[in-house]
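Undergrad: Got a predicted structure here, sequence first:
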Amino acid sequence: MPTDAELCAVFDAHVAAEFVTRDVDATMATMTASPYLNHVPVQTGGYGRDSVRDFYARYFVGHWPADTTIEPVSRTIGQSRVIDELVMSFTHNVEIPAILPGVAPTGRRVRLPFVVIVGFEGDKVAYEHIYWDQGSMLAQIGLIDAARLPVTGSEQAARLLNPALPANRLIERAKGST
């Protein structure tokens, strides 16, 4: 059974293949014979090796803005899982079908918390469940009006990285007070 450090190294290699070297074959080399991937808010991804590989090749690897950054917040390891909490930032200047399917580039800046839950079989990635607040993303790219809805924008990431920042007053705003 792989150690926690070995699982982390496999997942770090997986992410590097996705975002740094942009190599679909290297990404798939970190995965089991029958992996699955689920971007939970928009239900993109794949089930089974061919489907996941096709998704990575057509919609994910190399389909991110050049200025995409990933800032780690926390990592939890145990029971053949790695759970990463992170902040992803980018300018929405290209289509990003994996997380914004069908949405044309807006040129707007996005800074958003993500949670990635990675399950392993042996020393290979068996699955990824990836979560983010799609309402916040849509507010940041200008597709919904955060002032009229109980959602926030990049403030989510800012407060996650600095918990001393003041809490959002969505409750008071909803009641019409200041």
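TA: Perfect, I can see it now.

Undergrad: longest strand anywhere in this structure?
TA: strand 109-121 (DSSP state E).

Undergrad: So for that strand, what gets flagged as buried?
TA: Buried residues in strand 109-121, counted by 16 or more other Cβ atoms under 10 Å: Arg109, Val110, Arg111, Leu112, Pro113, Phe114, Val116, Ile117, Val118, Gly119, Phe120. All C-beta spots, glycine's among them, are computed from the backbone N, C-alpha and C.

Undergrad: With stretch 123-137 instead?
TA: 124-130, 132-137.

Undergrad: cool, stretch 4-20 as well?
TA: Buried residues in stretch 4-20, counting neighbours by 16+ other Cβ under 10 Å, are found at Leu7, Cys8, Val10, Phe11, Ala13, His14, Val15, Ala17, Glu18, Phe19.

Undergrad: Touching the helix or strand where the first one lies from outside, list them.
TA: Pointing back at Leu7 there. Taking DSSP states H and E as the criterion, Leu7 maps to helix 4-19. Residues outside helix 4-19 that contact it (Cβ atoms under 8 Å, 6 or more residues apart in numbering) are 2, 23-24, 26-27, 29-31, 56, 60-61, 64, 68, 70, 75, 77-78, 80, 82, 84, 118, 120, 123-125.

Undergrad: all helices for the chain, in order.
TA: 4-19, 24-29, 49-55, 134-140, 155-161, 170-175 (DSSP state H).

Undergrad: And these: which comes nearest His92?
TA: Shortest distance between His92 and those, using Cβ to Cβ, is found for helix 134-140: 8.1 Å.

Undergrad: still on that earlier bit, direction included, what does the longest strand of the chain pair up with?
TA: strand 81-91 (antiparallel), strand 124-132 (antiparallel) (DSSP bridges).

Undergrad: check contacts around Trp91.
TA: For the record, residue 91 is Thr, not Trp. Here Thr91 is in contact with Pro65, Asp67, Gly107, Arg108, Arg109, Val110 (Cβ under 8 Å, 6+ apart).

Undergrad: State the pLDDT value of the fifth one.
TA: Meaning Arg109. Note for Arg109: predicted pLDDT of 98.

Undergrad: Pull the number of nearby residues for Glu71.
TA: 13 (other Cβ atoms under 10 Å).

Undergrad: Tell me how far it lies from Glu95.
TA: Distance, Glu71 to Glu95, by Cβ to Cβ, to the nearest Å: 23 Å.

Undergrad: returning to that earlier point: can you give me how far the longest strand of the chain is from the chain middle?
TA: Distance, stretch centre to chain centre, for strand 109-121: 4 Å (Cα atoms, centre = their mean, to the nearest Å).
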